[in-house]
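Asker: Sequence below, structure please.
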Amino acid sequence: MIKLKQIIKKILKVDAYTNYTPLNNIVHIGFIHGFYAIPDNLLNSNSICYCIGAGIDISFDTELVVKYDSNVFIFDPMPEGKNHYNDLVNAVNLGKTLTVGPNESEPFDYRINKDQLKKLNFIDIGIWDKETEVKFYEPTKDNYVSHSILNLQKSDKYIEAKVDRLSNIMKKLNHQSIDLVKIEIEGAEYKVIETIIADKLDVKMILVEYDEFHNHTGYGFLWRIKKSTDLILNAGYKMVFTNDFCKRTFLRNDVYEQLKSNAVN
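Answerer: Here you go, the predicted model:
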């Protein structure tokens, strides 16, 4: 039965690995449950990275500073994100270690130091399709902290917070281009990706976790993920990483070709 479902997904082109284009030198960065995969030879000290959505795991975000000395901007208006960031800053300043998933088999200890914290910027605003205030609905699952604009868990409780369009944020921060955008925002990724493509933003790499994969009510979510993926691919990107849970890395075609050429040479 499992193999039959996999075959059907491939025929309908909703399989997790449809349109996957492998690339050498891809590395996993961050906590085992919160990692993202990126080319190891792309980022440097001049790189601008936007990490949209924090929650209680910013291991990937901090490692962009630790490993590549990149300039990282984290966006999250929810209390769990702000509190976790503040906990990290306090721990670093006190010379203590903060751990993600302390009860897991492979916990992650933050490695960022005081000097590196200067390149990690937290901005308490959400990313959406316009500048406004929206409702972020509280989670209903036990041991789950992230709020959702799309109310994936059908909650009656919410917090209102400010949001803005990514192109507006870039103008306010005086960024003409971005090397990396990570999007982990509980179902709101579809809308944000649409704005990135519609505004033709200069983004080299898009990382996204399609959260509806974990909070779906029917197979319609596979079509929504496929539609979003196709939108990115048709805008001139290649999917250089994907896994069974639809966590994906998209690299702009010109950047892909350059990295591929460098690997050959």
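Asker: May I have the beta-bridge partners of residue 237?
Answerer: Under DSSP bridges, the beta-bridge partners of residue 237 are residue 252.
Asker: So for residue 34, what's the pLDDT?
Answerer: With respect to pLDDT, residue 34 scores 88.
Asker: Over to residue 1?
Answerer: 45.
Asker: again, but for residue 150
Answerer: We have a pLDDT of 70 for residue 150.
Asker: ok, residues contacting stretch 32-39?
Answerer: 23, 25-30, 57, 59-60, 100-101, 104, 106, 108, 180, 182, 205, 207, 240-241, 247, 249, 251, 259 (CB atoms under 8 Å, 6 or more residues apart in numbering). Every residue, glycine included, has its C-beta placed from N, CA and C.
Asker: what does stretch 64-72 give?
Answerer: Contacts for stretch 64-72 (CB under 8 Å, 6+ apart): 29, 43-49, 51, 61-62, 111-112, 116, 119-121, 179-180.
Asker: rewinding a little: buried subset of the contacts of stretch 32-39, written for ChimeraX?
Answerer: This is the ChimeraX syntax for the buried subset of these, where burial follows 16 or more other CB atoms under 10 Å:
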select :23,29,30,57,59,60,100,101,108,180,182,205,207,240,241,247,249,251,259
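Asker: Looking at the contacts of stretch 32-39, which are in strands?
Answerer: Assigned to strands by DSSP state E, the following of the contacts of stretch 32-39 qualify: 26-29, 100, 108, 180, 182, 205, 207, 240-241, 247, 249, 251.
Asker: of those residues, closest to residue 93?
Answerer: residue 100 (18.4 Å; CB to CB).
Asker: hang on, isn't that closest one packed against residue 60?
Answerer: No. Assessed by CB atoms under 8 Å, residue 100 is found out of contact with residue 60, at 10.2 Å.
Asker: who touches both of the two?
Answerer: Common neighbours of residue 100 and residue 60 (CB under 8 Å, 6+ apart) are 31, 34.
Asker: what comes up buried for the one helix or strand residue 222 maps to?
Answerer: Using DSSP states H and E, residue 222 falls within helix 220-234. For helix 220-234, a neighbour-count test (16+ other CB under 10 Å) marks 221-222, 224-226, 228-229, 231-232 as buried.
Asker: on that earlier part again, between the ones in strands among the contacts of stretch 32-39, which is nearest residue 127?
Answerer: Nearest member of the ones in strands among the contacts of stretch 32-39 to residue 127, counting by CB to CB, is residue 182, at 11.0 Å.
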